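Participant: Build me a model:
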Amino acid sequence: MAWLTRRTRVIAIVAIAAALLAATGAEAQFGRGRARARVATAADHDGAFHFCRAWFRNGFIGDADGNWSVDYPQADLNLSIRLAELTTTAISRDVSARPNHLIVRLTDDALFQCPFIMMTEVGAAFLDDSEVARLREYLLKGGFLWVDDFWGTYAWDVWVSQIRKVFQPPDYPIIDLPADHPIYRTQFVVAGTPQIPNIGWWLNTGTTSERGPDSVDVHTRAITDENGRIMVLMTHNTDLGDSWEREADDPTYFYQFAASGYAFGINVVLYALTH
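Facilitator: Down below sits the predicted model:
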């Protein structure tokens with residue numbers, strides 16, 4: 001976790017570890033079942049934060065597998081919990097105090113109630129014309145899309161082929177975020193984006209690059225509006241979502257990756273909510 005400043009790393013580990021212990025038997029680690037999965041409607045929004053996960057269909061096969069539901073629902077729940085514990089953000093909750101999290105279709109009106117949406121494994125994504133038009137409208141109106149957990153050249157090329165339907169060059173170039181971008185210091189001061197592998201890869205190999213030489217370097221890229229606001233954040237060759245989903249599965253994985261993943265994730269959500 002050299003990408004975190006030493007002071008921030010200590011604060012993040014202590015705060016998240018304490019929160020995890022306090023939440024044992026209460027909120028954290030609700031289980032990975034999907035019985036509650038359903039597509040949101042506009043009526044689901046109550047003015048507090050919901051983790052909104054965007055549904056998409058798979059249109060490609062090859063080196064990029066997975067689908068819209070990777071890390072769902074545990075990553076959505078756990079990031080919401082840590083956001084409530086480590087910031088003053090109001091989190092929407094159900095009657096049992098469990099965070100409300102939503103699945104949204106890109107064509108539904110409910111999308112416009114989500115200031116932040118996330119898509120994972122986008123190296124297999126396909127967007128049709130109606131989804132492209134609505135996603136463009138959503139992002140230009142102030143929405144924020146974060147795509148994560150796609151690895152290697154093939155997955156990158158597939159995703160670019162889809163997002164270029166939404167925003168074309170030269171008006172909307174894909175840029176590498178500079179080291180001094182505000183997203184790296186929204187709350188936690190970080191020096192870059194960590195490479196986080198899925199827990200199975202880490203336990204089996206002890207390494208972080210899931211596609212070997214083809215995914216050694218993490219790329220943090222973005223498409224911005226005319227004022228420089230990030231509309232699309234792309235964390236390529238890393239899996240931030242697994243650091244939230246699997247935070248309590250293995251102590252070594254937790255100390256190596258969870259604090260890093262939460263620090264970056266909370267920064268991203270706060271940036272999305274305030275820009």
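Participant: alpha carbons only for contacts and neighbour counts from here, please
Facilitator: OK.
Participant: Quick check: pLDDT value at the residue lying farthest from the centre of the chain.
Facilitator: Distance from the centre of the chain peaks at residue 170, with 26.5 Å (C-alpha atoms, centre = their mean). Residue 170 carries a pLDDT value of 95.
Participant: That one and residue 52, how far apart?
Facilitator: For residue 170, the distance to residue 52 (C-alpha to C-alpha, to the nearest Å) stands at 30 Å.
Participant: Quick check: which element contains the residue farthest from the centre of the chain?
Facilitator: Residue 170 belongs to no helix or strand when assigned by DSSP states H and E.
Participant: Residue ranges in the protein under the pLDDT threshold?
Facilitator: The chain contains residues with pLDDT under 70 at 1-38, 60-65.
Participant: need the helices for it, in chain order.
Facilitator: Using DSSP state H, the helices found in the chain span residues 6-23, 74-86, 129-140, 152-166, 199-205, 240-245, 251-253, 259-274.
Participant: Deepest in the core, which of these is it.
Facilitator: Scoring those by mean neighbour count under mean count of other C-alpha atoms under 10 Å gives helix 240-245 as the most buried, with a mean of 26.
Participant: Convert it to PDB, retaining C-alpha atoms only.
Facilitator: Extracted C-alpha coordinates of helix 240-245, given in PDB (Å, rounded to 0.1, in the frame of the first residue of the first chain):
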ATOM      1  CA  LEU A 240     -11.400  -2.500  -6.400                       C
ATOM      2  CA  GLY A 241     -14.800  -4.200  -5.900                       C
ATOM      3  CA  ASP A 242     -13.200  -7.400  -4.600                       C
ATOM      4  CA  SER A 243     -11.500  -5.500  -1.800                       C
ATOM      5  CA  TRP A 244     -14.900  -4.500  -0.600                       C
ATOM      6  CA  GLU A 245     -16.700  -7.800  -1.300                       C
END
